[in-house]
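Asker: What follows is a predicted protein model with its sequence.
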Amino acid sequence: MDSLSTGRVAHTLQQMFAEAEQADRALMAQFSETDHPEQLIADTIAEHFAEERRDLRGFYHGYADNFLNVTPAYGQFLYQCARASKATRIVEFGTSMGVSTVYLAAALRDMGGGHLIGSELEPGKAARARANLEAAGLADLVDIRVGDARETLSDVHGAIDLVLLDGAFSLYLPVLKLLEPHLKSGALILAENAFDHENDYLDYVRDPANGYLSQSIPINPGRGNEFSLVTR
């Protein structure tokens with residue numbers, strides 16, 4: 001059974017991607033209008049980290065109307081990972097408007113149920129994500145917690161099968177360490193925007209001594225997608 005192709009999930013995703021394209025068009029155009037996109041990306045990442053550390057809430061409030069969502073290809077990959085690992089408990093850092101959440105919750109629904117805990121800093125985005133999940137018929141599977149993930153994910157209780165990191169870049173490692181006591185052996189950690197630029201998160205998960213087997217994956221090159229397996 002695959003709910004991505006037809007019905008409420010497919011319709012909701014189609015609507016969300018159309019809204020995202022319109023909302024993020026100007027932002028994405030910045031990277032296509034330069035003769036040196038790689039340098040622009042590197043400079044943007046460095047500035048991004050600096051601004052996050054200076055004022056996390058203020059910085060992300062500036063993107064309150066942007067989706068900053070995963071692509072359809074990556075969303076399908078998330079769905080496949082959840083189903084292949086037979087995940088029943090998923091944690092998502094960075095819910096935004098809920099595109100990736102719909103893919104992950106759809107996988108849970110298609111396997112008979114489960115629970116997804118999401119964290120989103122912006123209250124308005126969390127409200128829109130809940131509405132989108134309601135439209136897709138998946139709201140009963142998801143608990144979206146509003147606030148700083150270092151607080152909202154401090155009490156996830158129980159074992160975790162899969163984690164998606166897609167929020168503030170500078171918090172990937174702190175959030176992962178917060179969740180580590182709950183990670184099952186064999187759990188999957190998927191990090192979007194884990195750019196290879198002075199990134200302590202990548203240094204950590206790529207060191208086998210820390211209990212992970214990790215590598216970048218070629219889905220949407222340039223997006224910094226890292227795939228890690230808990231080996232301990």
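Answerer: On my side now, so go ahead. Numbering: from 1, shown residues only.

Asker: What residues sit buried inside the helix or strand hosting Gly58?
Answerer: Using DSSP states H and E, Gly58 falls within helix 56-61. The neighbour-count check on helix 56-61 (16 or more other CB atoms under 10 Å) flags Leu56, Phe59, Tyr60 as buried. The way it works is simple: take the backbone N, C-alpha and C, and place the C-beta from them, glycine included.

Asker: what residues are up against Gly98?
Answerer: Met16, Gly118, Arg128, Ala129, Arg130, Asn132, Leu133, Ile144 (CB atoms under 8 Å, 6 or more residues apart in numbering).

Asker: show me where this protein has strands.
Answerer: Counting by DSSP state E, one finds strands in the chain at the ranges 89-93, 115-120, 142-146, 160-165, 183-191, 212-216, 226-230.

Asker: In TSV, list the ones you listed along with distance to Leu173.
Answerer: Formatted as TSV, these follow (distance: least, CB to CB, whole Å):
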stretch	distance to Leu173
strand 89-93	11
strand 115-120	15
strand 142-146	20
strand 160-165	9
strand 183-191	10
strand 212-216	12
strand 226-230	12
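
Asker: Which one, of those, ends up nearest to Val70?
Answerer: Closest to Val70 of the strands of the chain is strand 160-165 (CB to CB; 8.8 Å).

Asker: hang on, the earlier thing: tell me the mean pLDDT over the helix holding Gly58?
Answerer: If you average the pLDDT over helix 56-61, you get 89.

Asker: likewise stretch 29-40?
Answerer: Rounded mean pLDDT across stretch 29-40 is 58.

Asker: Need the single longest helix in this protein, by residues.
Answerer: Using DSSP state H, we find that the single longest helix of the chain is helix 7-32.

Asker: For it, name the packing helices and strands.
Answerer: Contact partners of helix 7-32 among helices and strands, from 3 or more CB pairs under 8 Å, 6 or more residues apart in numbering; DSSP states H and E: helix 37-54, helix 72-84, helix 99-110, helix 123-136.

Asker: can you state the direction angle for it and helix 123-136?
Answerer: Computed by axes from the mean of the first three to the mean of the last three CA atoms, to 10 degrees, the angle separating helix 7-32 from helix 123-136 equals 140 degrees.

Asker: Before I go, just wanted to say thanks for your time.
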